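Q: fold the following and give me the result.
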Amino acid sequence: MTASNTPPVFSLHQGRLPLLVSIPHLGTQIPADIAATMTPAAQRTDDCDWHLDRLYAFAKRMGASVLSPTYARYVIDLNRPPDGANLYPGQDTTGLLPVDTFDREPLYLDGHLPTEAEVARRRDAYWKPYHEALQGELAALKAKHGRVLLWEAHSIRSHVPRFFDGRLPDFNFGTASGASAVAGLAEEMAAIVERHEGGYSAIANGRFKGGYITRAYGQPSQGVHALQLELSQITYMEEHMPYAYDETLAAKVEPLLEALVVNALERVEAA
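A: Prediction:
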């Protein structure tokens, strides 16, 4: 529960299809007590998955459930394990409570890094409610339909030298190397993109194989299929301040996104 003057931790729209779209890095708010310990860089929330609620507006129209958080990933990263383990051993990545931006700018003022007690507090206040809602909606949809598709919606700048060399492919599909969904789903999605007249590039289980949510909840043998799409922001928005939504680019990519979701859902329902 939250106080009456405190925003809810998440928003859940419940749909009618066996489809849940989770957008765990959509949030932009930072509570005042946390913001007081942070640098100006943190206030920009540069590494937000900007505008994905707008880009995926079709999901609600088609009957999907949609789950998204209020607070920024700088408060706590909902797509990381609760113990903070690195999902890509040997590779650089940001953690459960990030301490710097993707460009390695410090997020906290000197002497204000979160303590273990603060990590635990945020895990209970922000991480747990989102995951409880996620688990609950997946269980409800599975009980109703027998199987469910969890579509993990993410986006990132096309160039982030900290994590990858050169330009990232436009569409990066991940199924934990095939473990989180029906066999071949990520490859099928990439093939649809590559056949599309828009000239987009795509890859399956490349640099991004799926984060904690995809890996933890994707259990195809139990009827829960999870697919992560890391979409390059250059396909629908201005990648740098002021991070403006580009209507022209978005109008081009949105029908393809909808076709991908529809195809993935059909593949899961036929599994």
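
Q: just the strands in the stretch 151-271 of the chain please.
A: Along the stretch 151-271 of the chain, counting by DSSP state E, counting those that start in this stretch, strands occupy 171-174, 202-204, 224-232.

Q: ok, which of the ones you listed comes nearest Pro161?
A: Distance to Pro161, taken as Cβ to Cβ, is lowest for strand 224-232 among the strands of the stretch 151-271 of the chain, at 14.6 Å. To be clear about C-beta, it is placed using only N, CA and C from the backbone, and glycine gets the same treatment.

Q: how distant is that closest one from the center of its chain?
A: Its chain's average C-alpha position is 8 Å from that of strand 224-232, according to Cα atoms, centre = their mean, to the nearest Å.

Q: cool, and stretch 196-216?
A: 12 Å.

Q: tell me the most buried of the strands of the stretch 151-271 of the chain?
A: Per residue and on average, the most neighbours among the strands of the stretch 151-271 of the chain fall to strand 171-174, with a mean of 27 (mean count of other Cβ atoms under 10 Å).

Q: what's in contact with that one?
A: Contacts of strand 171-174 with the rest of the structure, by Cβ atoms under 8 Å, 6 or more residues apart in numbering, involve 152, 180, 185-187, 189-190, 193, 200-211, 214, 227-232.

Q: one more pass at 7 Å, please.
A: 186, 189-190, 193, 200, 202-210, 214, 227-231 (Cβ atoms under 7 Å, 6 or more residues apart in numbering).

Q: what's the average pLDDT for it?
A: Strand 171-174 shows a mean pLDDT of 98.

Q: now do stretch 250-259
A: pLDDT averaged over stretch 250-259 gives 98.

Q: next one: stretch 71-86
A: 92.

Q: tell me the gap between that stretch and the middle of its chain.
A: Going by Cα atoms, centre = their mean, where stretch 71-86 is centred and where its chain is centred differ by 11 Å.

Q: list the buried residues for it?
A: Tyr71, Ala72, Arg73, Tyr74, Val75, Ile76, Asp77, Leu78, Asn79, Arg80, Pro81 (16 or more other Cβ atoms under 10 Å).

Q: in TSV, list the residues you listed along with distance to Gly111 and secondary structure.
A: Shown next, in TSV, are these (distance: Cβ to Cβ, whole Å; DSSP: H, G, I helix; E, B strand; the rest coil):
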residue	distance to Gly111	secondary structure
Tyr71	23	strand
Ala72	22	coil
Arg73	23	coil
Tyr74	18	coil
Val75	19	coil
Ile76	20	coil
Asp77	22	coil
Leu78	27	coil
Asn79	28	coil
Arg80	24	coil
Pro81	27	coil
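
Q: cheers, nothing more for now.
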